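*Asks:* show me the folded form of this:
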Amino acid sequence: MSDAYMVDARKLIAGGVAMIIGLAVAGMFVWMTPKAAARETKAACEALRSEPGIQAWKAALPTPAKDFTAQDHLGRPVKLSDYRGKVVLLNFWASWCNVCKAEKPSLSMMTEEMAQDGFVVVTLASDHAWDAVKKTLPGGAPYQVLLDPPADIGKPGPDDDDNIGAIAQSYGIKAVPESFLID
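*Replies:* As a prediction, the model looks like this:
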């Protein structure tokens with residue numbers, strides 16, 4: 001019987017040693033994993049910092065929006081700075097742009113739902129005259145619509161991205177629609 005107890009004691013000791021080793025390995029894994037994850041995250045962030053697209057995006061962030069003056073449908077001058085203190089969705093569009101027309105109901109809904117929160121939508125139409133704009137918005141609009149005639153009025157064709165308004169061009173707009181959220 002003493003031999004049987006010796007075999008059981010050896011198994012018990014071997015099992016205990018195996019359990020201690022297993023717990024030690026598991027503990028090291030739990031201890032090392034967050035450090036490895038932190039190293040990986042830091043390396044990924046460092047790699048992104050040098051990306052040209054990220055650098056360009058970061059360079060543009062602190063730039064205040066360019067002020068401009070444009071005319072409303074009554075010929076009154078309106079400045080972007082008139083809306084200082086409000087959150088402005090500045091939307092560049094044109095009456096000849098079908099995608100621009102399709103987004104107008106969404107702009108109306110945003111205006112109606114968020115106006116009381118200091119949110120305004122200001123749109124600049126890259127059109128030569130108000131007639132085309134008024135045909136596109138026959139019932140008017142609940143948001144501010146301003147005319148942004150193309151810089152080179154002599155260019156042919158009413159539906160050409162070369163006819164982007166002068167203010168839109170100063171914002172770097174190459175095609176419409178394009179929007180900026182200004183706070």
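
*Asks:* alpha carbons only for contacts and neighbour counts from here, please
*Replies:* Fine.

*Asks:* can you classify S95 by secondary structure?
*Replies:* coil (DSSP: H, G, I helix; E, B strand; the rest coil).

*Asks:* likewise E40?
*Replies:* helix.

*Asks:* could I get the pLDDT score of it?
*Replies:* For E40, the pLDDT comes out at 73.

*Asks:* repeat for the one 5 residues further on
*Replies:* On the pLDDT scale, C45 is placed at 66.

*Asks:* try L146
*Replies:* 97.

*Asks:* just to be sure, it is in a strand?
*Replies:* Yes - judged by three-state DSSP, L146 forms part of a strand.

*Asks:* quick one: it and H73 touch, right?
*Replies:* Yes - shown here, L146 and H73 form a contact pair, counting by Cα atoms under 8 Å, at 6.9 Å.

*Asks:* pick out whichever of these two has more residues nearby.
*Replies:* A direct count of neighbours by other Cα atoms under 10 Å for L146 and H73 places L146 higher, at 26 against 15.

*Asks:* contacts only, for that one.
*Replies:* Residues counted as contacts of L146 (Cα atoms under 8 Å, 6 or more residues apart in numbering) are 70-73, 78, 122-125.

*Asks:* give me the distance between it and V176.
*Replies:* According to Cα to Cα, to the nearest Å, L146 and V176 sit 15 Å apart.

*Asks:* check A141 too.
*Replies:* 19 Å.

*Asks:* show me which of those two is the more surrounded one.
*Replies:* Each of A141 and V176 has its neighbours counted (other Cα under 10 Å); V176 has more, 21 against 14.

*Asks:* any idea how this protein splits into domains?
*Replies:* Structural domains assigned to the chain are 2-58, 69-182, following automatic domain parsing.
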